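In: Everything below, folded, please.
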Amino acid sequence: MCYCYIIYSESLDKYYIGHSCEDIQERLRKHLSNHTGFTAKAKDWIIVYKESFSSKIEAYKREREIKFWKSKSKITKLIEGSNQIEHPDL
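Out: The predicted model follows:
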């Protein structure tokens, strides 16, 4: 199972959109770990949206589609329509 997911940092007031074929909680743990990259800027990321796909290509296509929106309000509407916020199991 692969996912397209959106995580949110309240401290940055930013969304991050990604895709992965690993367990979604494990992927979040990696975003919260010490690393370099965009998500290293904060340690309060939570999963606010995810979609499941049978292939990595499909998940990646959905990630690109959402990123191309370049609209925080459109992303917020997508999230509000799903009501699936997940907090990390650390």
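In: average model confidence for the helix or strand containing residue 61?
Out: According to DSSP states H and E, residue 61 maps onto helix 56-69. If you average the pLDDT over helix 56-69, you get 96.
In: what do you get for stretch 24-33?
Out: 95.
In: Please identify the buried residues of that stretch?
Out: 24, 27-28, 31-32 (16 or more other CB atoms under 10 Å). The C-beta positions use only the backbone N, C-alpha and C, and glycine is treated the same way.
In: Also stretch 72-80?
Out: Across stretch 72-80, burial judged by 16+ other CB under 10 Å covers 75, 78-79.
In: For that stretch, C-alpha coordinates in PDB please.
Out: C-alpha atoms of stretch 72-80 as PDB (Å, rounded to 0.1, in the frame of the first residue of the first chain):
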ATOM      1  CA  LYS A  72      -3.400  26.700   0.700                       C
ATOM      2  CA  SER A  73      -7.200  27.300   0.700                       C
ATOM      3  CA  LYS A  74      -7.800  24.400  -1.800                       C
ATOM      4  CA  ILE A  75      -5.600  22.100   0.300                       C
ATOM      5  CA  THR A  76      -7.400  23.200   3.500                       C
ATOM      6  CA  LYS A  77     -10.800  22.400   1.900                       C
ATOM      7  CA  LEU A  78      -9.500  18.900   0.900                       C
ATOM      8  CA  ILE A  79      -8.400  18.300   4.500                       C
ATOM      9  CA  GLU A  80     -11.600  19.700   6.100                       C
END
